[in-house]
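Chemist: mind looking at a prediction? Sequence and model below.
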Amino acid sequence: MSTVNTITEQLTRAGQAIEHDSFAIIDQEVGPHGYTPQQWPIVRRMIHANADFDFNGLTCFHPDAVRAGLQAMLRGGTPIVADVEMICVGLSKPRLAHFGMMTHQFISDADVIAQARAEDTTRAVQAMRKAQRLGLLDGAIIGIGNAPTALIELVRLIREDGVRPALVVGMPVGFVSAAESKALMAGLDSVPWIVIDGRKGGSTLVVAALHALLALAEAQQKQG
């Protein structure tokens, strides 16, 4: 696994200046918050991704979330299972390659579509079930930004089948079951999670949270 510290920063001086200045503005304008020094960079990058300060307060962390996510990244080769392709496309391939990580999503697979039609469920539900059949969920980082039914199904798999992801970044957006799905996830103690309270969310925020974790992991790697 590479230990060269070239992955999680902007690649030009101008790009670095814009990113650093943006974070400085957020720090100046955000007001008080109760996040830990390791949680705050994640929330700050989420605010940066949407220019929305509401995520200061709406973003909630399981007490073990950051540690578990960093540990999963640093051990190398941890899969990321997403509910939609947008998350996989949004994640930086060089950053993932730095830790030997690969993304997986099954929402458009023919067998997933066929099973969803046969059982009158959503594709997102069947995609999570397929990931489980393939043995991808245990020890994985799960990113859900679009489909509340994917998060609801994941909670069921955790409760009923004993699935144990390393970390769940559960941020589906929407008006039907979005808030409820995140509340279900936040009610679990057995699996670490990062969720957004209420209806707000989206794949962009999942990507932002994971990029922040990747940056923290590389900084820890460099120090250690």
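Modeler: Arrived safely.
Chemist: where are the low-confidence patches of this structure?
Modeler: Along the chain, the parts satisfying pLDDT under 70 run over 1-11, 224.
Chemist: longest helix of the chain?
Modeler: In the chain, taking DSSP state H as the definition, the longest helix is helix 203-223.
Chemist: kindly export that one (C-alpha atoms) in PDB.
Modeler: Output of helix 203-223 as PDB, limited to C-alpha atoms (Å, rounded to 0.1, in the frame of the first residue of the first chain):
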ATOM      1  CA  SER A 203     -24.900  11.300  -3.000                       C
ATOM      2  CA  THR A 204     -22.800  14.500  -3.100                       C
ATOM      3  CA  LEU A 205     -22.700  14.600   0.700                       C
ATOM      4  CA  VAL A 206     -21.800  10.900   1.000                       C
ATOM      5  CA  VAL A 207     -18.900  11.600  -1.400                       C
ATOM      6  CA  ALA A 208     -17.800  14.600   0.600                       C
ATOM      7  CA  ALA A 209     -17.900  12.700   3.900                       C
ATOM      8  CA  LEU A 210     -15.900   9.800   2.400                       C
ATOM      9  CA  HIS A 211     -13.300  12.200   0.900                       C
ATOM     10  CA  ALA A 212     -12.900  13.900   4.300                       C
ATOM     11  CA  LEU A 213     -12.400  10.500   5.900                       C
ATOM     12  CA  LEU A 214      -9.800   9.600   3.200                       C
ATOM     13  CA  ALA A 215      -8.000  12.800   3.900                       C
ATOM     14  CA  LEU A 216      -8.000  12.100   7.600                       C
ATOM     15  CA  ALA A 217      -6.800   8.500   7.000                       C
ATOM     16  CA  GLU A 218      -3.900   9.700   4.900                       C
ATOM     17  CA  ALA A 219      -2.900  12.300   7.500                       C
ATOM     18  CA  GLN A 220      -2.900   9.600  10.100                       C
ATOM     19  CA  GLN A 221      -0.900   7.300   7.900                       C
ATOM     20  CA  LYS A 222       1.700  10.000   7.300                       C
ATOM     21  CA  GLN A 223       2.000  10.600  11.000                       C
END
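Chemist: that one packs against which elements?
Modeler: Applying 3 or more C-beta pairs under 8 Å, 6 or more residues apart in numbering; DSSP states H and E, we find helix 203-223 packed against helix 40-50, helix 65-74, strand 80-82, helix 85-90, helix 93-98, strand 141-144, strand 167-170. Any C-beta I mention is one placed from the backbone N, CA and C, and that applies to glycine too.
Chemist: go again using 6 Å as the cut-off
Modeler: In terms of contacts (3 or more C-beta pairs under 6 Å, 6 or more residues apart in numbering; DSSP states H and E), helix 203-223 is packed against helix 40-50, helix 65-74, helix 85-90.
Chemist: thanks a lot, catch you later.
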